[in-house]
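# This is a predicted model, with the sequence first.
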Amino acid sequence: MSVKVTNLVKTYGTQKVLDNISFEANKSQILGFLGPNGAGKTTTMKIITGSLMPDSGKVFVSGMDISSNEIETKRLIGYLAEHNPLYQDMYIREFLDFIASIYKINDKNKKINQLIELTGLGKEQNKQIKQLSKGYKQRVGLAQVLIHDPEVLILDEPTSGLDPNQLREIRNVILETGKNKTVIFSTHIMQEVQALCDRVIILNNGRIVADESIDKLENYVQHTLRSVLVEFETKINISGLKALSSIREVERISENVFKVKGIDDKQIKRDIFDFAKKNDYLLISIHNENIDVDKVFENLTH
C-alpha cells in the first residue's frame, strides 16, 4: 500500500498554492508533513483524499489513480480533518454505530468496542460528543476514521490544542495504528514530528524544500552557520575569541560558556583549540549544538 503524488499543481486565483510537488509514502511509515500556514499542506491532503481536484498532476493510492477510481480509493483512506466535524448531539456509541452503518461494517458492536479500547474512550463512551473535551473529541475523530480499517490515514493537525497528557495518548494511538498502515501526519508541534515520524516533508510556498528521514535533516542546514558550544575553566579574552577567522558570531551563555557560530564547525574547533593553547586557557568542553527539527524548519521556511 502506498500513496504516490506526482507533479501536483493547484492555484487559487493568482496564488499558486502547490507548485509541481511530487512524493511517495509507503506502508508502515509515518510521514510528517510540515510547513508554515499557507504552505499547501491541507490542500495537498484534500487532494489525496479526493475532496479537492488539482489543476494538474496525479495521485495514486495503492496504484489506482484517484481521479478515475474515486470510490475504490476513498474506501482505502481514513481522513481526519483539521477541524474535526462531529455530530455534537450524538452519544459516542451512537455516532460510531452510525458511521459503521454507512460503511456497512459487519459485527458493528465488536468493531466499536475495539476502537473504544484503542482510543481510550471507555470512561466517556456514554456521553454526548458535545460534553467531551477537545482531546476526547479528537479520539472520537480517530475512532471514526479507523472504523472501516483504512489502509491509508491522512491526519491533519490531529494534536492541535491538546494538553501534554492528551498529546501523549493520541501519539500512542497514532503509533499503534501506524504499524501496518500508511500515515501522512500534519502538525506544527516539532516534538511530535521527532516522536512519531519516520520521514519528514517540509513545504514552503507550495514547494517541497526538504524530504528526508529525521536523522538526515541536519544536511539541509550544512550551508548555514553552525553552532559550537565551548566552555573554559576561567575567564578568557572574549575579543580574542571573536577575532578568530572561522568565527562569525559569539554569544555568551554564562560566565565561561560561549556559543560560537561559523560556516565550518570543524575549523571552529581547531581554531579554538589553538586559541586555548596559545593563551594557556583550559578547555572544559567543546561540542556541536544539536540541530533539531525546529532549527531545520526555521532555516528552510524563512
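Sure, I can see it. Everything numeric in this text was worked out from a predicted model, so none of it was measured.

# who touches L118 in this structure?
Neighbouring residues of L118 by C-beta atoms under 8 Å, 6 or more residues apart in numbering: A143, L146, V173, E176, T177. For the C-beta atoms, the positions are set from N, CA and C on the backbone; glycine is no exception.

# who's in contact with the second one?
Yep, that's L146 we're talking about. When contacts are counted by C-beta under 8 Å, 6+ apart, L146 touches G78, L115, L118, T119, L153, T177.

# Counting only strands, which of the residues you listed make the cut?
Secondary structure assignment (DSSP state E) places G78, L153 from the contacts of L146 within strands.

# and which of the contacts of L146 is nearest to Y103?
When those are ranked by distance to Y103 (C-beta to C-beta), G78 comes first, at 10.4 Å.

# now the strands: where do they sit in the protein?
According to DSSP E, the strands that the chain contains are 2-12, 15-26, 29-34, 56-61, 64-65, 77-80, 152-156, 182-186, 199-204, 207-213, 226-232, 249-252, 257-262, 283-288.

# which among the contacts of L146 gets closest to L167?
For those, the minimum distance to L167 (C-beta to C-beta) is 14.2 Å, reached by T119.

# Count the residues that sit near that closest one.
Counted with other C-beta atoms under 10 Å, the neighbours of T119 add up to 24.

# And it, what's its pLDDT?
In the predicted model, T119 carries a pLDDT score of 87.

# so who does the closest residue to it other than its chain neighbours touch?
Spatial nearest neighbour of T119, chain neighbours left out: R139 (4.2 Å); criterion: C-beta to C-beta, 6 or more residues apart in numbering. Contact criterion C-beta under 8 Å, 6+ apart gives T119, G120, L121, E169, I170, V173 as the residues in contact with R139.

# mind giving me JSON lines with the strands of the chain and columns for distance to S101, mean pLDDT and mean neighbour count?
Formatted as JSON lines, the strands of the chain follow (distance: least, C-beta to C-beta, whole Å; pLDDT from 0 to 100; neighbours: other C-beta atoms under 10 Å):
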{"stretch": "strand 2-12", "distance to S101": "28", "mean pLDDT": "94", "mean neighbour count": "17"}
{"stretch": "strand 15-26", "distance to S101": "30", "mean pLDDT": "93", "mean neighbour count": "17"}
{"stretch": "strand 29-34", "distance to S101": "30", "mean pLDDT": "90", "mean neighbour count": "23"}
{"stretch": "strand 56-61", "distance to S101": "24", "mean pLDDT": "95", "mean neighbour count": "18"}
{"stretch": "strand 64-65", "distance to S101": "26", "mean pLDDT": "94", "mean neighbour count": "14"}
{"stretch": "strand 77-80", "distance to S101": "17", "mean pLDDT": "93", "mean neighbour count": "22"}
{"stretch": "strand 152-156", "distance to S101": "21", "mean pLDDT": "93", "mean neighbour count": "24"}
{"stretch": "strand 182-186", "distance to S101": "26", "mean pLDDT": "92", "mean neighbour count": "25"}
{"stretch": "strand 199-204", "distance to S101": "36", "mean pLDDT": "90", "mean neighbour count": "23"}
{"stretch": "strand 207-213", "distance to S101": "40", "mean pLDDT": "88", "mean neighbour count": "17"}
{"stretch": "strand 226-232", "distance to S101": "57", "mean pLDDT": "89", "mean neighbour count": "19"}
{"stretch": "strand 249-252", "distance to S101": "61", "mean pLDDT": "91", "mean neighbour count": "12"}
{"stretch": "strand 257-262", "distance to S101": "60", "mean pLDDT": "90", "mean neighbour count": "19"}
{"stretch": "strand 283-288", "distance to S101": "57", "mean pLDDT": "89", "mean neighbour count": "13"}
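
# any chance of those strands in a markdown table, with distance to K110 too?
Shown next, in a markdown table, are the strands of the chain (distance: least, C-beta to C-beta, whole Å):
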| stretch | distance to K110 |
| --- | --- |
| strand 2-12 | 29 |
| strand 15-26 | 30 |
| strand 29-34 | 27 |
| strand 56-61 | 27 |
| strand 64-65 | 29 |
| strand 77-80 | 19 |
| strand 152-156 | 21 |
| strand 182-186 | 24 |
| strand 199-204 | 34 |
| strand 207-213 | 38 |
| strand 226-232 | 54 |
| strand 249-252 | 60 |
| strand 257-262 | 57 |
| strand 283-288 | 53 |
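
# now the helices for the stretch 101-250 of the chain?
In the stretch 101-250 of the chain, the helices defined using DSSP state H, counting those that start in this stretch lie at 108-119, 134-146, 164-177, 190-196, 238-242.
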